[in-house]
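>>> just coords:
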């Protein structure tokens, strides 16, 4: 299996993406594993999905931290769930060669939402925990490796060869939609 060290820029604000030099843009990283023969469009879809879940989870954690908890007992329970989720989705996981699982990211999101709603005794809407329907910012992505954009009609092995014991650094970039 090829190990992809994915780097991408996450905007801390949930509105429109900031310019590349903006201080609000945070560099995110995670590891992903796939076969060398995987089509580039499948890799792009998988990476965009994990990146969107990672961004959602960290945004949710940041939102709850900024909000603060009213009751001290509830704060401890929510704080523990948030700290656990932040630790899992952190780019520090790359340093320890730990892969992010979309299933685990979704479970952390559900756990935080359930804990916050239960502990703070408010509805998800009141806590602003529901996912925004503005559309996924990472649905149109480009993959870059070694200064080249990976074409969607090709396979990963067309660029890196057939060796499945390869580790490469991929840059995931959002392509703005032209309307």
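Thanks, I have it. The structure displayed is predicted, hence computed values, not measured ones.
>>> show me the contacts for residue 57.
With contact set as Cβ atoms under 8 Å, 6 or more residues apart in numbering, residue 57 has these partners: 85, 88, 89, 105, 108, 109, 112. In this view, the C-beta of every residue, glycine as well, is placed from N, C-alpha and C.
>>> just the residues you listed: which are in helices?
85, 88, 89, 105, 108, 109, 112 (DSSP state H).
>>> is it correct that the third one is in contact with residue 100?
Yes - contact criterion Cβ atoms under 8 Å: residue 89 and residue 100 qualify, at 6.9 Å.
>>> need the overlap of contacts for the two.
Contact criterion Cβ under 8 Å, 6+ apart; residues shared by residue 89 and residue 100: residue 54.
>>> any chance of the contacts of residue 57 in a markdown table with pLDDT as columns?
Listed next are these as a markdown table, based on pLDDT from 0 to 100:
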| residue | pLDDT |
| --- | --- |
| 85 | 94 |
| 88 | 95 |
| 89 | 94 |
| 105 | 95 |
| 108 | 94 |
| 109 | 93 |
| 112 | 89 |
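>>> buried among those residues? Need that as a selection in PyMOL.
Under the burial definition 16 or more other Cβ atoms under 10 Å, those of the contacts of residue 57 that qualify are selected in PyMOL by:
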select buried, resi 85+88+89+105+108+109+112
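>>> out of the contacts of residue 57, who's nearest residue 30?
Nearest to residue 30 among the contacts of residue 57, counting by Cβ to Cβ, is residue 89 at 8.1 Å.
>>> which stretches of this protein form strands?
In the chain, the strands defined using DSSP state E lie at 2-11, 25-34, 141-145, 148-149, 167-174.
>>> columns distance to residue 41, mean pLDDT and mean neighbour count on top of these, output as TSV?
Formatted as TSV, these follow (distance: least, Cβ to Cβ, whole Å; pLDDT from 0 to 100; neighbours: other Cβ atoms under 10 Å):
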stretch	distance to residue 41	mean pLDDT	mean neighbour count
strand 2-11	15	88	20
strand 25-34	12	89	17
strand 141-145	10	92	17
strand 148-149	13	93	10
strand 167-174	13	92	17
